[in-house]
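Q: whatever this is, show me its structure:
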Amino acid sequence: MIGGPAPRPCESCPYRRDVPAGVWAAEEYEKLVRYDAPTPEQPPRLFQCHQSDAGSAGRRVCAGWAGCHGDGLLAPRIAVIQGRLDAVTYRAIAEYVSPVPLFSSGAEAAEHGLSGISEPGAEARRVIGKITRVRSDLSQS
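A: Numbering: from 1, shown residues only. Modelled structure (predicted):
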């Protein structure tokens, strides 16, 4: 099973207002917008924190995703039905409140992130370096 959101969104979370633009690939930012759709039209997959390898035992849902979209998310409901998420973790996602400012929508977060894709600044490059040291399942192209 996947764990619930961290107490605070990580330093590289694309939903954080203070994260530098251009940290993630365009397709990662484009995923955020889909969770703004009405609940039945959203992706059915949980949005995992980018700090953990995709198949790691310590993986958890993204705290920024939970904080931005909360109880309007389809994916946690489906995960409970499929037995991939327990009721306690579902409630943690639905009721999560971030202690740091988040963008008000996936579209707003994506717009910010995409604005730095072509030329990530020094802070974005520092964050990218940190992520690549933590994640063994990423490749830089």
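
Q: use CA for all of it now, contacts and neighbours both
A: Noted.

Q: so where is this structure shaky, pLDDT-wise?
A: Counting by pLDDT under 70, the low-confidence segments of the chain come to 53-54, 135-141.

Q: excluding its backbone neighbours, what's nearest residue 111?
A: Residue nearest to residue 111 in three dimensions, not counting chain neighbours: residue 29, with 8.0 Å by C-alpha to C-alpha, 6 or more residues apart in numbering.

Q: ok but that neighbour is inside a helix, no?
A: Yes - the secondary structure assignment for residue 29 places it in a helix, going by DSSP: H, G, I helix; E, B strand; the rest coil.

Q: quick check, central residue of this protein?
A: Closest residue to the average C-alpha location of the chain: residue 62 at 4.0 Å, with C-alpha atoms, centre = their mean.

Q: OK, contacts around the spatially closest residue to that one that is not a sequence neighbour?
A: Sequence neighbours aside, residue 49 is the residue nearest to residue 62 in space, at 4.0 Å (criterion: C-alpha to C-alpha, 6+ apart). Shown in contact with residue 49 (C-alpha atoms under 8 Å, 6 or more residues apart in numbering): 13, 59-63.

Q: could you do residue 11 as well?
A: Contacts for residue 11 were tallied using C-alpha under 8 Å, 6+ apart; they are 19, 127.

Q: confirm it sits in a helix?
A: No - using three-state DSSP, the assignment for residue 11 is coil, not a helix.
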